[in-house]
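Asker: Turn this into a model:
(3 chains)
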Amino acid sequence: MARPLHLHPDRLLPSEPDTRKLARALYDSVAQLPIVSPHGHTDPAWFASDQSFGNAADLLLKPDHYVFRMLYSQGVPLEALGIRNPDADPREAWRLLARNYHLFRGTPSRMWLDWVFSVAFGIDVQLEAETSDLYFDSITEKLATDAFRPRALFDRYGIEVIATTESPLDTLEHHAAIRAENARVGGWQGRVITAYRPDPVIDPEFEGFRDNLRRLAEITGEDCLTWHGYLAAHRQRRAFFASMGATSTDHGHPTPCTADLPLAEAEALFARVATGEFTAGDAELFRAQMLTEMAAMSVEDGLVMQIHPGSFRNHNAGIFERFGRDKGADIPVRTEFVANLKPLLDRFGNEPNLSIILFTLDESTYARELAPLAGHYPCLKLGPAWWFHDSPEGMRRFRAMTTETAGFYNTVGFNDDTRAFLSIPARHDVARRIDCGFLAQLVSEHRLEDWEAAELAHDLTVGLVRKAYKL
Amino acid sequence: MARPLHLHPDRLLPSEPDTRKLARALYDSVAQLPIVSPHGHTDPAWFASDQSFGNAADLLLKPDHYVFRMLYSQGVPLEALGIRNPDADPREAWRLLARNYHLFRGTPSRMWLDWVFSVAFGIDVQLEAETSDLYFDSITEKLATDAFRPRALFDRYGIEVIATTESPLDTLEHHAAIRAENARVGGWQGRVITAYRPDPVIDPEFEGFRDNLRRLAEITGEDCLTWHGYLAAHRQRRAFFASMGATSTDHGHPTPCTADLPLAEAEALFARVATGEFTAGDAELFRAQMLTEMAAMSVEDGLVMQIHPGSFRNHNAGIFERFGRDKGADIPVRTEFVANLKPLLDRFGNEPNLSIILFTLDESTYARELAPLAGHYPCLKLGPAWWFHDSPEGMRRFRAMTTETAGFYNTVGFNDDTRAFLSIPARHDVARRIDCGFLAQLVSEHRLEDWEAAELAHDLTVGLVRKAYKL
Amino acid sequence: MARPLHLHPDRLLPSEPDTRKLARALYDSVAQLPIVSPHGHTDPAWFASDQSFGNAADLLLKPDHYVFRMLYSQGVPLEALGIRNPDADPREAWRLLARNYHLFRGTPSRMWLDWVFSVAFGIDVQLEAETSDLYFDSITEKLATDAFRPRALFDRYGIEVIATTESPLDTLEHHAAIRAENARVGGWQGRVITAYRPDPVIDPEFEGFRDNLRRLAEITGEDCLTWHGYLAAHRQRRAFFASMGATSTDHGHPTPCTADLPLAEAEALFARVATGEFTAGDAELFRAQMLTEMAAMSVEDGLVMQIHPGSFRNHNAGIFERFGRDKGADIPVRTEFVANLKPLLDRFGNEPNLSIILFTLDESTYARELAPLAGHYPCLKLGPAWWFHDSPEGMRRFRAMTTETAGFYNTVGFNDDTRAFLSIPARHDVARRIDCGFLAQLVSEHRLEDWEAAELAHDLTVGLVRKAYKL
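Answerer: From the prediction side, this is the model:
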């Protein structure tokens, strides 16, 4: 007898009965609000082509590094899961997940997946060895139906807008196709926008950086071997991205280091990185200078900056060699914002037309650095709990450690930040539940009036994100 | 219809009903105890002259950097609030606060202000745009009455003793006037003491440091261009401060770095800083050496040392230039105590006649560094959660992260650390509520007996502070 | 009238009544499971000789640096407690503990000691000045009885296996004696194993390092002045330790720095440290290289590695000089794992036959570094909350900050890590209560099914530790 799968309506709400009741009422008031997803990694090709997603393992297991990293940590070979291995049988790969599903107890992946199984696919038994094939067949069959094609899911999920993330070298052809479809009489109306993520042409240590500069020059017609031409190319691509709906840029630097060099020094530095004759210090300084340059362009074109620092990418050398990037081996490192951001802030910190959203993987910076910075500088806002911290406990720590100094109104709502499209509503749902639980706790301790909590629940769900990302 | 303003009697106490009941009983036993305020920034001139405080904005908005920093972070210009702008209409400034009062939801400023509005001024409606003028007029009128003059408030607030903070260059004339008043037959009996804060004559990077040395020489008659004379001047001023009631010194260094140089090196270092020919490293080393010198003097004269490190002062260059110091742009930085304090501790760590109270803005040091240090060294005690962490969640984290290693008896009670005189009882009240809630939680989990919690509630409120600060 | 001492059956369980009920049921299911103690510092001589323990102060006060550090922090001289002072009267020393027992309120030492007093010795009044002699006499009398000899306690405590920790220079004669006793017909069956702690012959800065190398050479017959001979000596001693039951090694380095030098560089580095002509950088690099060498040997012989970094040992110079090591003056420091472990992980991170258990005293690394590392690398597991963090709040933070990323199954159960033999069941009991409370909270928030929590309670108590330590 398989064990039942049942999502409790009060999941993630506080245990104390009166506080839970308050939280439940708040949650009920926002549960059905549309999903505003200003930062993520879904593939625009899905919405452009509206093709079916394939089988259960292809959709839910192979692309999800949260899932396969945990299996790998307990000795499951990546090859067996089908990673870089087209010969792997997806049904067998799925069985590995099913047999090891207990590893996810207490993790957000478990909550997200259970939501997908239960709500999206209507499965009513737990995933375990015995139900593996039932899951695989049931999910794979449903994925072949029209109701599970990308646009249908987008509409069913109540997505108001979703942003993808692209390199300046991307042609944005899928976005163009979606916009053409939007404009077609009777066409699909889903709003899919891009975001400008220039790391491949900004980070001198990015794989293929110099080739990327060459391609940037080709695409823009600018001379990307001169500092002036290189900056002009950025301006041109930012304008093109904005024409494809972008309201933001995104910067995944190793650190939040910024610099504000005199022109001659910046030119000389660029000359070194562009020719490949640079030190590690040069690379860091160039990334630092470019954050300030991006801020300067944002002052002009109004794109909101997002800074996502502090991930040591591809930490596992053996895995990187055999399987490439994004295989669950990115590890957070200590991050420093106060000295690092100062050059940029000295130049633009009081600029009314600039908005910078800061993220961190180092929670020790929440109360110490980020909340005090965001609670003072008009241009700074705090992004939500990110990546490893996008979890019930992580979100609670975020609110507990930032609210008292930065308030709620220097935060920007939730980001799902995911390529796991099926789970997007589950992720927003977790955030809404945790935020409502946090607000209910404040009401229960008489630190907030109930009508204020209701306003805040709405603001944290849709109000702040629309405003912060200009959506 | 304005919304009612009502402070719930159970605010900040735990939600779970039985635990709340325990907490309430503990709180009731300490709620009316006198206020012992051993560290703060009220102006002794208030108590010396007993002049009225002026209007609502002058008293509650313009001097409170917790308040105007938040407004500034959301785009309200400081000029409009009257900061360095005598032309600003205080009523209009107050309206900016009222219109934006929702920004403070979830912050301690909101709780302190609501207490001042409700308890101190008897206002019974919420502050919002509609009630702004009612607030402004009502507060301003009350401030003109005798009941709202400094001494009357001091007495009404049940303040047993309050310490202010002065530079060695201060003549302490207001303290002298208060002491004369205290000594007058039928005179006001409020106890106002000073504390010795020598940063302006110890930190070579302080604005006007060399001028300050010159003034110190004038005041003391010592040759403050020699190391020996400079130290003698400190001794003299410390004795003078002690004669004006001081029981403590206070040191706001960027880091808790200490040093214990041989005499010849200390003399040479002082010669460099005194002539202005010094490096940043010299400045840090001099501050470090001076912490050890201050400890040496404390061993002699018994003044308790307070070290408040880890604030990056005046981070916003543009604001500093236009508006000066203390404008809400001080940002905490990572702080290291274990290696930094070792030179001082190697010399004086086991000295029975030395007491050093450590504060931090870096909560990651609570459990890792500070509690283990204070749980071993007889001379070290832990100051309460400071500044950004002087808040319900901040205080809870302080107790949760220090108690298990340092115990309660290596802490020193609460500091309000404020110039916002009107809110002092509100601040102490928050601390009492949070401490009683923490104790009630321990009782509820059977980690503490109820009679122990009652003893501790009293100790955390008045016992420890009187003993630690020799009051 | 002495106050009663009574351990509440629900101590440490969550306050909210329904959650407490869930926690109580989970706890009841594991409370009587055997104690598996894979890492600790009990003395094998106790079990080899089975002599009585002496008086109350000798057993419970003098060897417990958790206890005397707190007394010392409040001004009690170590001499008066009998530390390095055979003339001290143990009854008087015990009175100092009794009079100051309030200092331990809210600390784990208080909970452990109260368990020892109440459960192990059957005392039913609180320890305070008035009951000091009653305690001293009652405990000392009981210790003279057979029921309180080491083997009887071992059996009564339900210890399945206990590991001690020895230097490679140790002859393991007591372990040999215990194994002989185990093998004797009708002999005592207690399982006591050793663990290989090579710090004295790996850390060039350890007191007597070069003498230690000489002794290692004598014991093994290897030439420990050559790199090759030195490594061979390690291999030989590891094999000997394994023959005495060892399943693990343990490494107490100041940092988790690792290195993977080419052979010639390693040889040259060893030559420098072996002759005593080395810098602090050489010492750190040598320790770093040796972690990688130990990992290489573990791949061969299967011993599980434990790394315990981040303690600044003997911080109080005066105390170290007069009283020696382990006097409560070890202070945690900031620790970095991501860059530090990379050389070792680059070489062995994906090795199926390697298991490394990581500990930290820097809680900021839980969510940021350790959980992401353990949630990816197959060779890494997380040790339990360690030392200062082996406490109710410390354990809760450990679970709250590691579970969402690493899951439960990349952790290894509880370590008591103690020489305070009498309190071992109390320590395991605290861990079981806290874990069950954490699981109950997850069930209460519908993040975990009740049958999963029951499985996990068993796994966290005995399942994971047996597997991780190969017991």
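Asker: ranges for the helices of the stretch 251-400 of chain A?
Answerer: Remark: helices assigned in the stretch 251-400 of chain A by DSSP state H, counting those that start in this stretch are A:263-275, A:280-301, A:317-323, A:342-348, A:364-365, A:371-374, A:392-406.
Asker: For chain A, give me the ranges with low pLDDT.
Answerer: Scanning chain A for pLDDT under 70 picks out A:1.
Asker: let's go with 90 and repeat that
Answerer: Across chain A, residues meeting the criterion (pLDDT under 90) sit at A:1-2, A:207.
Asker: So which of the helices of the stretch 251-400 of chain A is nearest residue B:143?
Answerer: Within the helices of the stretch 251-400 of chain A, the stretch nearest residue B:143 is helix A:392-406; the backing value is 28.3 Å (C-beta to C-beta). All C-beta spots, glycine's among them, are computed from the backbone N, C-alpha and C.
Asker: just checking, what packs against that closest one?
Answerer: Under the contact criterion of 3 or more C-beta pairs under 8 Å, 6 or more residues apart in numbering or on different chains; DSSP states H and E, helix A:392-406 touches helix A:371-374, helix A:424-444, helix B:392-406, helix C:392-406.
Asker: As CSV, the ones you listed with mean neighbour count would be great.
Answerer: Formatted as CSV, the helices and strands packed on helix A:392-406 follow (neighbours: other C-beta atoms under 10 Å in any protein chain shown):
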stretch, mean neighbour count
helix A:371-374, 27
helix A:424-444, 24
helix B:392-406, 23
helix C:392-406, 23
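Asker: Turn those into JSON lines, columns for distance to residue B:191.
Answerer: Shown next, in JSON lines, are the helices and strands packed on helix A:392-406 (distance: least, C-beta to C-beta, whole Å):
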{"stretch": "helix A:371-374", "distance to residue B:191": "34"}
{"stretch": "helix A:424-444", "distance to residue B:191": "37"}
{"stretch": "helix B:392-406", "distance to residue B:191": "26"}
{"stretch": "helix C:392-406", "distance to residue B:191": "37"}
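Asker: Roughly how far does the residue lying closest to residue A:453 once chain neighbours are set aside sit from residue B:411?
Answerer: Of all residues not flanking residue A:453 in the chain, residue A:439 sits nearest, at 4.2 Å (C-beta to C-beta, 6 or more residues apart in numbering or on different chains). Counting by C-beta to C-beta, to the nearest Å, the gap between residue A:439 and residue B:411 amounts to 31 Å.
Asker: For chain B, what is the nearest residue in the stretch 51-200 of chain A?
Answerer: In the stretch 51-200 of chain A, the residue that lies nearest chain B is residue A:106 (21.1 Å; C-beta to the nearest C-beta).
Asker: Also chain A?
Answerer: Proximity of chain A to chain B (C-beta to the nearest C-beta) peaks at residue A:446, 3.7 Å away.
Asker: what's near enough to touch residue A:200?
Answerer: Counting by C-beta atoms under 8 Å, 6 or more residues apart in numbering or on different chains, residue A:200 makes contact with A:167, A:168, A:169, A:206, A:208, A:209, A:212.
Asker: now with 10 Å?
Answerer: The contact partners of residue A:200, by C-beta atoms under 10 Å, 6 or more residues apart in numbering or on different chains, come to A:167-170, A:206-209, A:211-213, A:215-216.
Asker: among those, which are in strands?
Answerer: Using DSSP state E, no member of the contacts of residue A:200 sits in strands.
Asker: and which of these is nearest to residue A:14?
Answerer: residue A:167 (42.5 Å).
Asker: picking that back up, what values do phi and psi take at the residue of chain A closest to chain B?
Answerer: Reported as degrees, to the nearest 10, the phi and psi values for residue A:446 are phi 60, psi 40.
Asker: give the contact list for residue A:223.
Answerer: For residue A:223, the contacting residues are A:217, A:229, A:230, A:232, A:233, by C-beta under 10 Å, 6+ apart.
Asker: Highest neighbour count among the residues you listed?
Answerer: residue A:230 (24 neighbours; other C-beta atoms under 10 Å in any protein chain shown).
Asker: Output the helix or strand where that residue lies in PDB with nothing but the alpha carbons.
Answerer: For residue A:230, the element it lies in under DSSP states H and E is helix A:227-243. This file holds the C-alpha atoms of helix A:227-243, laid out as PDB (Å, rounded to 0.1, in the frame of the first residue of the first chain):
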ATOM      1  CA  TRP A 227      37.300  51.000 -24.000                       C
ATOM      2  CA  HIS A 228      35.000  53.600 -25.700                       C
ATOM      3  CA  GLY A 229      33.700  51.100 -28.300                       C
ATOM      4  CA  TYR A 230      33.200  48.400 -25.700                       C
ATOM      5  CA  LEU A 231      31.100  50.700 -23.500                       C
ATOM      6  CA  ALA A 232      29.100  51.800 -26.500                       C
ATOM      7  CA  ALA A 233      28.500  48.200 -27.400                       C
ATOM      8  CA  HIS A 234      27.000  47.700 -23.900                       C
ATOM      9  CA  ARG A 235      24.800  50.700 -24.300                       C
ATOM     10  CA  GLN A 236      23.500  49.400 -27.600                       C
ATOM     11  CA  ARG A 237      22.800  45.900 -26.300                       C
ATOM     12  CA  ARG A 238      21.100  47.300 -23.100                       C
ATOM     13  CA  ALA A 239      18.800  49.400 -25.400                       C
ATOM     14  CA  PHE A 240      18.100  46.300 -27.500                       C
ATOM     15  CA  PHE A 241      17.300  44.200 -24.300                       C
ATOM     16  CA  ALA A 242      15.100  47.000 -23.000                       C
ATOM     17  CA  SER A 243      13.200  46.900 -26.400                       C
END
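Asker: mind listing what's buried in that helix?
Answerer: A:227, A:229-238, A:240-242 (16 or more other C-beta atoms under 10 Å in any protein chain shown).
Asker: secondary structure element for the most centrally placed residue in chain A?
Answerer: Using C-alpha atoms, centre = their mean, the residue of chain A that lies closest to the mean C-alpha position is residue A:417, 1.9 Å off. According to DSSP H and E, residue A:417 maps onto no helix or strand at all.
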